[in-house]
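In: Quick one, fold the following:
(one chain, ligands or ions: 1)
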Amino acid sequence: MKWSEVLTREKLQQYAGNRSYAAGIDYAREGTVSGLMVSNDSITAYVQGTETYEVQIEYNQDGDLIAECSCPYGEEGNFCKHCVAVGIAWLDSANSAEGITAPTREGYREFLEKQDKAYLVTLLLEQIRKDAELQNRLALKIAQSQSTTPDLTSYRRTIKRTIAVSGYLDYGETHAYARGVDSVTLSLAELCESGFAMEARQLVEYALDELTHQLDDIDDSSGNISGVWQELHDLHLEAALKSPPSPQELVQWLLKTELAMDWDVEVGWQDYLPALGDEGKRLFMEEIKGRWENLPELSPGDRSAYSGSRYVLTKLMTEFAKEQGDIHAVIALKKRDLSSAGNFLEIAKLYLEAGEPNTALEWAETGRATFRDTPDARLLDFLLLQYTQRERFAEAYAILWQRFMDRPDVRTYEQIHNYAEARGDWEAWRVKCWEHLRKVREEQKSKPNDGRAFYRDDAATGHSEEVRILLSEGRSEEAWDEAQTGGCSRDLWLELAKLRETDHHEDALRLYREEIARKLDEVTGDYSEPFRHILKVREILLRTEQGDKFRSYALFLRAEYKRKRNFIKLLDTNRFPA
Ligand SMILES: [Zn+2]
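Out: Predicted coordinates:
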């Protein structure tokens with residue numbers, strides 16, 4: 001296949017959609033495409049957008065275009081406007097060449113291979129002045145090649161130049177930045193491999209320090225930077241294991257990284273144990289213990305003293321205590337922070353583990369009583385289980401009921417249902433639950449809707465929660481009545497429609513048609529959902545021997561939505577109404 005066969009304007013438009021296609025044409029016209037390079041199987045180029053993006057277009061056996069772009073939208077797998085711009089630029093160059101075809105990548109290679117060295121060196125020197133990344137790459141190669149000992153100064157200079165950013169680095173800029181840091185990590189890994197593990201480790205520490213200074217100025221929602229962050233940490237570990245520093249030095253580094261919590265890394269102090277040795281491990285634990293003991297004790301209601309380093313210190317101290325198999329030491333640690341219901345739960349669980357179930361229950365109950373206004377779901381689950389095991393069902397029901405009062409939704413309803421069913425109490429509890437549901441709905445109708453009420457009662461949602469509950473119980477007739485009286489959300493109406501297809505097909509037909517009309521008024525472009533409902537309508541009408549009605553319905557749709565060309569096309573393809 002040739003490029004002229006696979007790359008056409010029509011195809012670009014089809015792949016990119018109208019908007020990206022139009023934007024891409026503008027880009028190409030404004031001359032933002034540079035470095036266009038064609039080979040038999042790929043076209044590559046740069047496009048100047050918010051920053052410079054790299055585009056590559058290829059094609060497969062079927063002649064489908066496969067494009068990649070380094071912009072955020074392109075990285076999500078979309079055929080973006082930059083890809084269009086490159087495609088258009090190629091089409092333009094192919095048309096305007098007037099007999100002289102632009103050389104392909106192979107053409108350039110062939111030409112360059114024939115040139116003498118002096119010419120190539122001059123050419124590259126010119127390029128180095130314009131291309132910072134190329135300059136960095138070569139600078140490190142020079143530093144490595146110059147002598148048997150690496151030139152640490154030039155490494156540091158390169159690291160600083162690559163990592164220091166002026167101003168804020170936003171989402172779209174992190175890709176190119178991360179690639180720069182990657183090239184640093186790569187050359188440091190080479191250094192580590194070639195017998196300079198100590199130097200490599202020190203340089204990694206320098207790089208991580210520099211990167212730490214940038215963290216506040218980076219939007220890393222793409223995850224590009226946390227990726228390079230992790231790789232630098234991996235390399236640090238590798239270098240430290242290869243050539244261990246003194247225990248003191250390593251302990252200082254570990255304290256710094258463990259307590260900083262800049263970004264999570266999958267490298268922890270335990271990975272460094274072979275390098276730390278017994279002496280280093282003892283030192284590290286002592287340092288952590290000293291810091292831990294300086295933390296204030298926290299009581300319920302205390303929040304201000306909470307911090308990330310407290311979390312890390314607690315985690316590390318817990319690891320130490322667990323390692324020594326001393327569960328009461330772990331409990332004592334946990335008791336220094338009683339600022340949340342979750343902590344009471346953890347203590348309760350530990351007592352259970354220690355074989356003291358009554359103390360466990362006491363701690364859980366105290367936690368529940370202390371945080372009555374902000375109940376912790378897991379703590380309540382724990383109590384529920386404890387009461388059930390002790391056959392204290394009244395207290396178990398009290399917990400379930402408190403939950404239902406807080407959140408009378410289908411989930412808590414089902415929880416009570418399952419629990420009471422197992423005990424033969426469900427009929428009485430069902431009555432109680434519904435009395436409560438009706439009461440809440442009444443109360444809420446008399447109150448202005450402040451947006452905080454559990455139920456929102458408006459045309460869009462109606463009695464959705466009641467309908468959902470009845471559907472979950474398989475009471476579809478009652479659910480239908482409830483929806484008729486109080487209304488419900490669209491997805492529930494569709495669920496009801498499905499349930500009525502067989503025995504009440506007129507109801508189902510009406511609901512599907514309403515939904516089709518609503519969707520067709522709303523959407524443009526993607527008609528797959530309303531079309532699915534149209535197929536439903538057709539199926540029901542054919543089954544009930546009303547094929548003529550489907551014919552007239554399809555004709556109505558054609559007339560009513562004749563402006564929606566893609567929709568009409570869809571009807572054509574399926575030969576509706578034939
Ligand atoms: Zn793009």
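
In: measure Q270 to H82 for me?
Out: Q270 sits 45 Å away from H82, going by Cβ to Cβ, to the nearest Å. For glycine as for every other residue, the C-beta is placed from the backbone atoms N, C-alpha and C.

In: More neighbours: which of these two?
Out: More neighbours surround H82 than the other of Q270 and H82, with 31 against 10 (other Cβ atoms under 10 Å).

In: Please give the centre-to-centre distance between the helix or strand that contains the more buried one and its chain.
Out: If you go by DSSP states H and E, H82 is part of helix 81-96. With Cα atoms, centre = their mean, to the nearest Å as the basis, helix 81-96 stands 34 Å off its chain's centre.

In: Show me the shaky parts of the stretch 451-578 of the chain.
Out: Residue ranges of the stretch 451-578 of the chain with pLDDT under 70: 451-460, 578.

In: same question, the chain
Out: Residues of the chain meeting the criterion pLDDT under 70: 95-102, 146-147, 261-263, 303-306, 447-460, 578.

In: Mark out where each domain of this structure begins and ends.
Out: Taking automatic domain parsing as the criterion, the chain consists of the domains 3-114, 130-243, 501-578.

In: The longest one close to the ion?
Out: This points to domain 130-243. No - remark: domain 130-243 sits outside contact range of the ion, by Cβ under 5 Å from the ion, the gap being at least 9.5 Å.

In: List the buried residues for the host helix or strand of R368?
Out: Counting by DSSP H and E, the element that carries R368 is helix 357-370. For helix 357-370, burial by neighbour count (16 or more other Cβ atoms under 10 Å) applies to 359-361, 363-368, 370.

In: same deal with stretch 45-56?
Out: For stretch 45-56, by 16+ other Cβ under 10 Å, it's 45-47, 49, 53-56.

In: returning to that earlier point: counting by contacts, list what whichever helix or strand comes after the helix holding H82 packs against.
Out: Downstream of helix 81-96, the next assigned helix or strand under DSSP H and E is helix 105-114. Identification of packing neighbours for helix 105-114 by 3 or more Cβ pairs under 8 Å, 6 or more residues apart in numbering; DSSP states H and E yields strand 33-38.

In: Need the nearest residue in space to L259, chain neighbours excluded.
Out: S309 (5.0 Å; Cβ to Cβ, 6 or more residues apart in numbering).

In: Run a quick check on that neighbour versus K256, I expect a contact.
Out: No - S309 is beyond contact range of K256, at 11.3 Å (criterion: Cβ atoms under 8 Å).

In: Up against the ion, what does the chain have?
Out: 69, 71, 74, 80, 82.

In: follow-up on the earlier one: ok, so of the buried residues of helix 357-370, who is nearest T544?
Out: Of all the buried residues of helix 357-370, T544 sits closest to R368, with 56.9 Å by Cβ to Cβ.

In: Let me see the contact set for that closest one.
Out: Contacts for R368 (Cβ atoms under 8 Å, 6 or more residues apart in numbering) come out as 341, 344, 375-376, 379-380, 383.

In: Check the gap between it and A377 for me.
Out: 11 Å.

In: what about E501, how many residues close to it?
Out: Neighbour count for E501, taken as other Cβ under 10 Å: 17.

In: do E110 as well
Out: So E110, with other Cβ under 10 Å, has 11 neighbours.

In: Same check on N566?
Out: Neighbours of N566 (other Cβ under 10 Å): 10.

In: Mind putting the contacts of R368 into a markdown table with neighbour count?
Out: What follows is those, written out as a markdown table (neighbours: other Cβ atoms under 10 Å):
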| residue | neighbour count |
| --- | --- |
| A341 | 22 |
| F344 | 26 |
| P375 | 16 |
| D376 | 18 |
| L379 | 25 |
| L380 | 20 |
| L383 | 22 |
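
In: Return the member of those residues nearest to the ion.
Out: Nearest to the ion out of these is D376 (Cβ to the ion; 45.9 Å).

In: give the contact list for the spatially closest residue to the closest one that is not a sequence neighbour.
Out: In space, D376 comes closest to A341 once its chain neighbours are excluded; the distance is 3.7 Å by Cβ to Cβ, 6+ apart. By Cβ under 8 Å, 6+ apart, the contact set of A341 is 367-368, 370-371, 374-376, 379.

In: can we see that at 10 Å?
Out: Each residue near A341 by Cβ atoms under 10 Å, 6 or more residues apart in numbering is listed here: 300, 364, 366-368, 370-372, 374-380.

In: How about L295?
Out: Residues counted as contacts of L295 (Cβ under 10 Å, 6+ apart) are 305, 307, 309-310, 313-314, 317, 336-337.

In: same deal with W480?
Out: Counted by Cβ under 10 Å, 6+ apart, W480 has contacts 467, 470-471, 496, 499-500, 504, 507.

In: Could you rank these by neighbour count and give me the top one?
Out: Comparing the contacts of W480 by number of neighbours (other Cβ under 10 Å), V467 comes first, having 29 neighbours.

In: Quick check: the gap between the closest residue to E501 other than its chain neighbours and the ion.
Out: Nearest residue to E501 in three dimensions, chain neighbours excluded: A508, at 4.6 Å (Cβ to Cβ, 6+ apart). Using Cβ to the ion, to the nearest Å, A508 is found at 45 Å from the ion.

In: So A508 lies in a helix, does it not?
Out: Yes - the assignment for A508 is a helix, going by DSSP: H, G, I helix; E, B strand; the rest coil.

In: just checking, it touches E495?
Out: No - if you go by Cβ atoms under 10 Å, A508 and E495 don't touch, sitting 11.2 Å apart.

In: Which is the succeeding secondary structure element to the helix or strand in which M405 is found?
Out: Element membership for M405, per DSSP H and E: helix 393-406. Going down the chain from helix 393-406, the next helix or strand is helix 410-422, by DSSP H and E.

In: and that next one, how far from the chain's centre?
Out: The answer for helix 410-422 is 33 Å, by Cα atoms, centre = their mean.

In: which residues sit in contact with A143?
Out: A143 neighbours (Cβ under 10 Å, 6+ apart): 150-158, 187, 191.

In: can you pull out the helices in the stretch 101-250 of the chain?
Out: 105-114, 117-130, 132-146, 152-163, 174-193, 197-214, 224-242, 247-260 (DSSP state H, counting those that start in this stretch).

In: Not counting sequence-adjacent ones, nearest residue to P244?
Out: Leaving out its chain neighbours, the residue that sits closest to P244 by Cβ to Cβ, 6+ apart is A275, at 3.9 Å.

In: contacts for the strand or helix carrying the one you found?
Out: Per DSSP H and E: A275 is located in helix 273-293. Helix 273-293 has contacts (Cβ under 10 Å, 6+ apart) with 237, 239-252, 254-255, 258-259, 269-270, 272, 309-310, 312-317, 319-320, 323, 333, 336.

In: Which of those residues are buried? Put it as a PyMOL command.
Out: Those of these that count as buried under 16+ other Cβ under 10 Å are selected in PyMOL with:
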select buried, resi 237+239+240+242+244+245+247+250+251+254+255+258+269+272+310+312+313+314+316+317+320+333+336
